[in-house]
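Q: mind folding the following:
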Amino acid sequence: MFFDIALTYDPSTRRCDLAVGDDGDLVIDETSITPVLLSIGLDRRAAPDDPLPQARSEFLTSSFAERRGWSGDGLDLRGERVGSRLWLLDRAKQTEATRLLFQLWLEEALAWAEPETGNPAELDVSWVRPQTLGYRILVADAALSIAGAR
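A: Numbering: from 1, shown residues only. Predicted coordinates:
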């Protein structure tokens, strides 16, 4: 069972915010939606062999910063990583290889689902319009659909 401070997703701005109830208190989310949003929305540190999107290193002063990554990963004693490497596909072309890599990195980001719920995350990734991937994620009994992910 999940107990997180609830996040709400606004598809028009493609951003999340904390959910506040009518009484002004933060809402507690007992579904897997908040962990799914965090898994997709946080940037996972790029692996040493991951090619970085072009033109990133021109503006960054250190090689540490250009590989991104969530700072909280350094506090995890088990060495588990949070987030996704989807940011690496920022300038990728519309190919089947890009779609498959997007799906693979979604699976990597949601690998926690099977140990936590007993079932792996179900994913459906497809091109919804030129240069735009859409996806549907089902974890336990909570579903999230986003059209226009890239």
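Q: for Leu52, give its distance to Arg85.
A: Leu52 sits 11 Å away from Arg85, taking C-beta to C-beta, to the nearest Å as the criterion. Just so you know, the C-beta spots here come from the backbone N, C-alpha and C atoms, and that holds for glycine as well.
Q: which of the two has more neighbours?
A: Arg85 (22 against 17; other C-beta atoms under 10 Å).
Q: what is in contact with Leu52 and Arg85 at once?
A: Ala46 (C-beta atoms under 8 Å, 6 or more residues apart in numbering).
Q: so what secondary structure elements neighbour the helix of greatest length in the chain?
A: If each helix of the chain is counted by residues according to DSSP state H, the longest one is helix 96-109. Contacts defined by 3 or more C-beta pairs under 8 Å, 6 or more residues apart in numbering; DSSP states H and E place helix 96-109 against helix 33-41, strand 122-129, strand 132-139.
Q: gap between the helix or strand following that helix and the chain center?
A: Using DSSP states H and E, the helix or strand that directly follows helix 96-109 along the chain is helix 113-117. Put simply, helix 113-117 sits 16 Å off its chain's centre (C-alpha atoms, centre = their mean, to the nearest Å).
Q: contacts for helix 113-117 next, please.
A: Under C-beta under 8 Å, 6+ apart, the answer for helix 113-117 is Phe2, Ser32, Pro35, Asn119, Pro120, Ala121, Val139, Ala140.
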